[in-house]
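*Asks:* my questions are about this predicted structure, shown below with the sequence.
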Amino acid sequence: MKNEGIEGMERFESPGRGRGLRALRHFAVGELVFACPAYSSVLTVNERGAHCEHCFTRREDLFKCGKCKQAYYCNVDCQRGDWPMHKLECVSMCALGENWCPSETVRLVARIIMKQRVTTERTMSERLLLLTEFEAHLDKTDGEKDEMNQSGIAALHHFYSRHISDLPDDQALTELFAQVNCNGFTIEDEELSHLGSAVFPDVALMNHSCSPNVIVTYKGTVAEVRAVQEINPGEEIFNSYIDLLYPTEDRKERLLESYFFVCQCTECTTKSKDKAKMAPRKQSSPPKPEEIQSMLHYAKNVIEEFRRAKHYKTPSELLEMCELSLEKMGTVFGDTNVYMLHMMYQAMGVCLYMQDWDGAMSYGEKIIQPYSLYYPAYSLNVASMYLKLGRLYLGLEKKTQGVKALKKALAIMEVAHGKDHHYVAEVKNEIVEQK
Ligand SMILES: C[S@@+](CC[C@H](N)C(=O)[O-])C[C@H]1O[C@@H](n2cnc3c(N)ncnc32)[C@H](O)[C@@H]1O
Ligand SMILES: [Zn+2]
Ligand SMILES: [Zn+2]
Ligand SMILES: [Zn+2]
């Protein structure tokens with residue numbers, strides 16, 4: 001491909017932020033800034049059978065790969081299109097059965113290596129930034145990250161070396177893992193359920209802001225970037241790398257840990273939402289600073305403990321963990337405090353999994369108002385919460401509330417996903433069906 005860049009956009013040196021993306025023209029709220037096909041993508045193991053392994057389309061009439069009976073496709077075209085990547089996994093999955101367990105990052109890295117072997121020219125995903133140009137921050141790798149990368153390399157050799165002849169050396173692989181960690185994306189559906197991982201080099205050119213002027217959504221394995229604030233010529237285009245629910249200190253910690261920079265955006269400077277996000281319980285004598293501090297410590301521990309517990313505890317044990325922590329935190333924190341909201345969100349997820357619709361609905365009802373205040377005006381977190389709530393209401397035959405919630409979701413999605421997105425059409429249908 002000849003390098004013609006992206007219309008209306010340029011790559012530039014952003015002071016203090018490395019390379020960045022800048023607008024050359026005006027973009028209105030809701031306008032598509034650019035689209036970028038995945039350079040490589042991988043469907044998460046849990047979604048096999050529900051989505052096409054190649055194009056990520058969700059449909060019920062997919063057909064199985066006859067060999068491994070693990071990968072599912074829309075049709076022969078998708079199966080053929082995926083074969084250069086799927087062949088890396090097909091035979092080993094048959095041979096190893098349950099012992100075939102590379103992480104999603106390892107699977108993605110294997111696909112990237114294979115793609116690099118078969119591509120000779122700059123791809124349509126790299127109009128402004130090449131994958132080989134990705135920032136790696138290798139000089140900042142600490143012991144823990146190094147260990148992760150080393151185990152990734154070992155897994156790559158273990159699961160893929162038979163299918164990728166002469167893998168790159170350890171130094172090159174260490175760099176590739178670090179690049180994927182700093183520039184990779186996860187793909188989610190409209191309710192923010194995880195579908196897979198991918199690399200979109202041009203999308204990775206965008207720097208972060210906690211008050212982003214664009215949002216990234218997906219159509220299958222194509223990333224679409226839309227303006228969620230007006231963008232004027234000459235302005236830098238910023239995306240958010242993280243969940244923006246949390247207070248400044250938490251966001252800064254996360255960005256430093258995962259992306260090695262100190263965010264200096266307006267939200268991080270003014271900290272305008274921090275006070276509300278940390279809301280204490282309203283009572284005659286407000287909690288003492290040391291009580292708040294110690295509960296904050298407890299909250300962060302319980303969040304981490306819960307994250308790990310998801311891998312081995314039963315749903316009812318998980319729900320109990322949520323309830324106990326909410327009870328304890330509730331002695332100091334208000335219901336709108338973000339750590340309370342975090343555990344309510346987890347509890348809602350467990351209720352949905354257990355098909356306890358009433359339970360899920362009552363958690364969702366507590367979450368939605370504070371979510372709308374804490375997240376930016378157009379947020380996928382808020383849209384997906386309205387969507388889940390709306391669908392729950394309709395399932396529980398609460399028609400008026402259901403339609404109202406779906407309309408709220410739709411208003412955000414029309415901007416973030418674009419009016420012609422199939423998710424938007426689906427939500428519109430759900431509303432029409434109620435009339
Ligand atoms: C996905 S890359 C973005 C493109 C990057 N600037 C480059 O030159 O390749 C992520 C890296 O960009 C830098 N970065 C992103 N947002 C930033 C910000 N708001 N302030 C400073 N550095 C930032 C950090 O080095 C981060 O690890
Ligand atoms: Zn397909
Ligand atoms: Zn197969
Ligand atoms: Zn920030």
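*Replies:* Happy to help now that I have it. Numbers count the residues shown, from 1 in each chain. Ligands and ions are numbered 1, 2, ... in the order given.

*Asks:* state the distance from the closest residue to residue 263 other than its chain neighbours to ligand 4.
*Replies:* In this structure, residue 263 finds its nearest non-sequential neighbour in residue 255, 5.2 Å apart by CB to CB, 6 or more residues apart in numbering. Heads up, the C-betas are built off the backbone N, CA and C, glycines and all. From residue 255 across to ligand 4, the span is 7 Å (CB to the ion, to the nearest Å).

*Asks:* in the helix or strand residue 255 falls within, which residues are buried?
*Replies:* Element membership of residue 255, judged by DSSP states H and E, is helix 248-259. By 16 or more other CB atoms under 10 Å, the buried positions in helix 248-259 come out as 248, 250-252, 255, 259.

*Asks:* return only those of the residues you listed found close to ligand 1.
*Replies:* residue 259 (CB under 6 Å from any ligand atom).

*Asks:* how about the buried residues of helix 248-259 in CSV, adding pLDDT and distance to ligand 3?
*Replies:* Converted to CSV, those look like this (pLDDT from 0 to 100; distance: CB to the ion, whole Å):
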residue, pLDDT, distance to ligand 3
248, 98, 47
250, 98, 42
251, 98, 41
252, 98, 44
255, 98, 39
259, 97, 35
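
*Asks:* give me the beta-bridge partners of the residue nearest the centre of the chain?
*Replies:* By CA atoms, centre = their mean, the chain has its centre lying nearest to residue 186, at 4.5 Å. Counting by DSSP bridges, residue 186 is bridged to residue 197.

*Asks:* what are the ranges of the strands in this protein?
*Replies:* Using DSSP state E, the strands of the chain run over residues 9-14, 18-23, 32-37, 40-43, 63-64, 72-73, 185-188, 194-199, 207-208, 214-219, 222-227, 238-239.

*Asks:* tell me which of these approaches residue 93 most closely.
*Replies:* With CB to CB, the closest approach to residue 93 among the strands of the chain belongs to strand 63-64: 12.2 Å.

*Asks:* ok, the residue nearest to the centre of the chain - contacts?
*Replies:* 194, 196-198 (CB atoms under 8 Å, 6 or more residues apart in numbering).

*Asks:* what of residue 110?
*Replies:* 88, 102, 156, 159-160, 164.

*Asks:* one more time with 10 Å, if that's ok
*Replies:* Residue 110 sits next to 40, 42, 85, 88-89, 102, 155-156, 159-161, 163-164, 167 when contact means CB atoms under 10 Å, 6 or more residues apart in numbering.

*Asks:* for the residue of the stretch 101-250 of the chain found nearest ligand 3, what are phi and psi?
*Replies:* As assessed by CB to the ion, ligand 3 sits closest to residue 163 within the stretch 101-250 of the chain, at 12.3 Å. Main-chain torsions, residue 163, degrees, to the nearest 10: phi -110, psi -20.

*Asks:* thinking again about what came up before, show me which of the contacts of residue 110 is closest to residue 405.
*Replies:* residue 42 (32.7 Å).

*Asks:* pLDDT score for the closest one?
*Replies:* Looking at residue 42, its pLDDT is 98.

*Asks:* tell me who's in contact with it.
*Replies:* 53, 85, 89, 102, 104-112, 187, 195-199, 221.

*Asks:* quick check: bridge partners of it?
*Replies:* residue 197.

*Asks:* just the strands of the chain: most buried one?
*Replies:* strand 40-43 (a mean of 26; mean count of other CB atoms under 10 Å).

*Asks:* near ligand 3 at all, that strand?
*Replies:* No. Strand 40-43 does not reach ligand 3 (CB under 5 Å from the ion); its nearest approach is 12.6 Å.
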